[in-house]
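Colleague: Structure for the following, please:
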Amino acid sequence: MPKVSNSKGFTLLEMIVVMGIMGLVFTSFALFKKKQIESVARENLTNIIANEVHGMLQFINRDEIQITEDSDADGEMDFIVNPLFDRTISTANEKGKTYGWRVEDQAFSTDPKDTDHFIQWDNTLSRGYFTSHRCYSTGNKKVADKEFKVEDLACNQPANNQDKSLVLERVDLVGDEETRTIDRVDFYVSFHPGINGKNDMDKFTIENYATAFSKAFTHYDQAYQHADYIYRREAKGTDVANFGTGWKLLKTHDAKTDDEAVPFGSMVSYLDKIDQTAAQLGVRFSFKAGLGKVIKPDGLVGVDKLCWNLKENMMTHCLEVEDGTGRNNEEGVMHLTAKDANNQTVTGTLMANVIFEGEAFDPEKGNIIALMTSPVVSYQSFGNKKDRGTNDVIIDDPDNYDKSVTDEPGYIKIPVQKCPLAPPVPGNPQNAPRVLYPRLAAAISSIVADVGKQGNAGSESEGGEDFSDFSNSENNRTTTKGVLDHLSGVAVQVNLIRENDKKISPDDYWVISATSGVFDNISGKGVSVINPSSLSVVLTSWCSSIKQPAAGADAPMPPY
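Modeller: Numbers count the residues shown, from 1 in each chain. A predicted model of the protein is given here:
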């Protein structure tokens, strides 16, 4: 009888063990893939919000916006002032309010204000006003007035924006409404767990988005100043009617850290110190405005004042004064410097329309604090070069001379400078700008006693020789001719010739005239010479809150 060999297979117990191990492996793998998918979903969602934040910050950083209208005659593209900083835009309508409103005095530790001065971030509300006019459609009428060459924000918001766990619903422009400054920008993101039937209903799982937000902002080279938790007492859905309202800062209630806002990403450390009955959570991201932008000196930047921060090597919205005294024992040193590629301090050209405040002399009040602009200095000589034998030039009978300064030949004529308006006096209830008045002073530069060499003073002929000509300061000594006469004195007069007695106009001008008292060696007479080219002056013009002395108190000179 043949021998039957024994064949051994898997026992039922062994199969159960193997299947259990495989089940654990598959379960672990499924959990890993689920977490991986959720992580990717969080990154995608935070990238969408970071892109919106980046676009808005880019828009704010533009002082001018290039538009796609026809080029100018010189071939250059057209630009408009960023409507956020354009003070000519009225706030009488929704679009103007969106551009002009600011949230003022909002510290990082201050609860958000439920005023209507914030931007509700939806195209049906205010977001569209930051998109190009080409985005206009019958369903999207809230757009900018012009078509932008570069579009920082897409026409349409992300698809199904209101059906996501995170919704950007509010933007605060923190600054001053009058000056249109923007110092900081706050973005409010609300968290809606469990939307679309998801199982995750815990509001505190917003903490899981911290890493994803960090990656998203890094991708767009954005760094926030603060990221703090916010909450609502009542949970609100993603309906745009709820956007921006009801938010408070989530703060601790610990005796040592009272009123400390809970920073985003640190929820675990504060769970036992916060009010856990908050119905809904969110995050407020705060960004400093203007970082990375080139600030221009032409007045189009929406800031009060600027300085160069030597330590941080960047422009800041302040005027930095160094502590202590300067090298000459000044009370403080103000920095306006820059550094080159080798980190060496370098000088530069400051292009600015500056008004100074300092002590000045007022003929009526003495030394007072006044406003003034930088002086402009020029060299001029008078225009009479010829003894024409008439009393237009040489006067030998001053008692019967009656010509006005503008009827005399040879006077110096220059247009009146246009003066800027100064900021109002602090606390002035009328908030009216302070007026600066045009000023001009003349000082003698060079002079010789000259009545026209070899000529006969007061003769009827026009054959006299030229006066010395001081129109070119390099040749003043060599242009002096013959033997000089005797100089008894000289008077220089500055006159403001005004077309309108009530205000300064572009047609007004300065007239500088002069009379030289000379003893003529040839005739043996003393004569007066009107505006001779042998007399030159240095003219200094500026604007001041003190009027030109000749104007008098009864002759006010308002601005243009």
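
Colleague: ok, Gly139 to Cys155 distance?
Modeller: Look at Gly139 and Cys155: by C-beta to C-beta, to the nearest Å, they are 11 Å apart. (Each C-beta comes from the backbone N, C-alpha and C, glycine too.)

Colleague: How about Asp114?
Modeller: 30 Å.

Colleague: Equivalent analysis for His192, please.
Modeller: 25 Å.

Colleague: Of those two, which one has the most company?
Modeller: His192 (22 against 15; other C-beta atoms under 10 Å).

Colleague: List the single closest residue to the more buried one in space, sequence neighbours excluded.
Modeller: Ser165 (5.4 Å; C-beta to C-beta, 6 or more residues apart in numbering).

Colleague: Then Phe519?
Modeller: His486 (3.9 Å).

Colleague: contacting residues around that neighbour?
Modeller: Neighbouring residues of His486 by C-beta atoms under 8 Å, 6 or more residues apart in numbering: 449, 518-519, 521.

Colleague: Sort out which of these are in strands and list them.
Modeller: 518-519 (DSSP state E).

Colleague: Just among the contacts of His486, which is most surrounded?
Modeller: Val518 (26 neighbours).

Colleague: beta partners for that one?
Modeller: Per DSSP bridges, the residues bridged to Val518 are Leu487, Val527.

Colleague: got a list of what the closest residue to Leu249 other than its chain neighbours touches?
Modeller: Leaving out its chain neighbours, the residue that sits closest to Leu249 by C-beta to C-beta, 6+ apart is Ala261, at 4.9 Å. For Ala261, the contact set (C-beta under 8 Å, 6+ apart) comprises 108-109, 226, 228-229, 249-251.

Colleague: how many neighbours does Ala289 have?
Modeller: 20.

Colleague: Could you do Thr179 as well?
Modeller: Thr179 has 14 neighbours, counted by other C-beta under 10 Å.

Colleague: rewinding a little: the residue nearest to His192 touches Leu45, doesn't it?
Modeller: Yes - between Ser165 and Leu45 there is a contact under C-beta atoms under 8 Å: 6.6 Å.

Colleague: Let me see the ranges of the helices in the stretch 51-200 of the chain.
Modeller: 94-100 (DSSP state H, counting those that start in this stretch).

Colleague: Low-confidence ranges, it, go.
Modeller: The stretch 51-200 of the chain contains residues with pLDDT under 70 at 69-77, 116, 160-163, 195-200.

Colleague: Could you do the stretch 251-400 of the chain as well?
Modeller: Using pLDDT under 70, the stretch 251-400 of the chain drops low at 254-259, 291-352, 387-391.

Colleague: where do the strands sit along it?
Modeller: For the stretch 251-400 of the chain, the strands defined by DSSP state E, counting those that start in this stretch occupy 280-288, 307-309, 314-316, 321-322, 333-334, 338-339, 345-346, 355-362, 366-373, 376-381, 394-395.

Colleague: List the strands paired with the first one, with their directions.
Modeller: The pairing partners recorded for strand 280-288 under DSSP bridges are strand 184-191 (antiparallel), strand 226-232 (antiparallel).

Colleague: Off-centre distance for that strand?
Modeller: 26 Å (C-alpha atoms, centre = their mean, to the nearest Å).

Colleague: With just CA atoms, put it into CSV.
Modeller: Taking C-alpha atoms only, strand 280-288 is exported to CSV below (Å, rounded to 0.1, in the frame of the first residue of the first chain):
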residue,chain,number,x,y,z
GLN,A,280,-17.2,80.7,16.3
LEU,A,281,-13.5,81.3,15.8
GLY,A,282,-11.4,83.1,13.2
VAL,A,283,-8.1,84.8,12.7
ARG,A,284,-7.1,88.4,12.2
PHE,A,285,-3.9,88.7,10.2
SER,A,286,-2.2,92.2,10.5
PHE,A,287,0.3,93.4,7.8
LYS,A,288,2.3,96.6,7.9
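
Colleague: got the residue ranges for the strands in the stretch 51-200 of the chain?
Modeller: 64-66, 79-81, 119-120, 166-174, 184-191.

Colleague: Nearest approach to Ala441 belongs to which of those strands?
Modeller: strand 79-81 (37.2 Å; C-beta to C-beta).

Colleague: buried residues in that closest one?
Modeller: Along strand 79-81, these residues count as buried under the neighbour rule (16 or more other C-beta atoms under 10 Å): 79, 81.

Colleague: Contacts only, for Ala210.
Modeller: Per C-beta under 8 Å, 6+ apart, neighbours of Ala210: 264-265.

Colleague: looking at this, it is in a strand?
Modeller: No - the assignment for Ala210 is helix, going by DSSP: H, G, I helix; E, B strand; the rest coil, so no strand is present there.

Colleague: That one and His219: what is the separation?
Modeller: Distance from Ala210 to His219, by C-beta to C-beta: 15 Å.

Colleague: what's the distance between the residue nearest to Phe519 and Val529?
Modeller: On the measure of C-beta to C-beta, His486 and Val529 end up 12 Å apart.

Colleague: Same check on Asn51?
Modeller: 78 Å.

Colleague: between those two, which one's more packed in?
Modeller: The neighbour count for Asn51 versus Val529, taken as other C-beta under 10 Å, is higher for Val529 (29 against 16).

Colleague: Alright, I will stop here.
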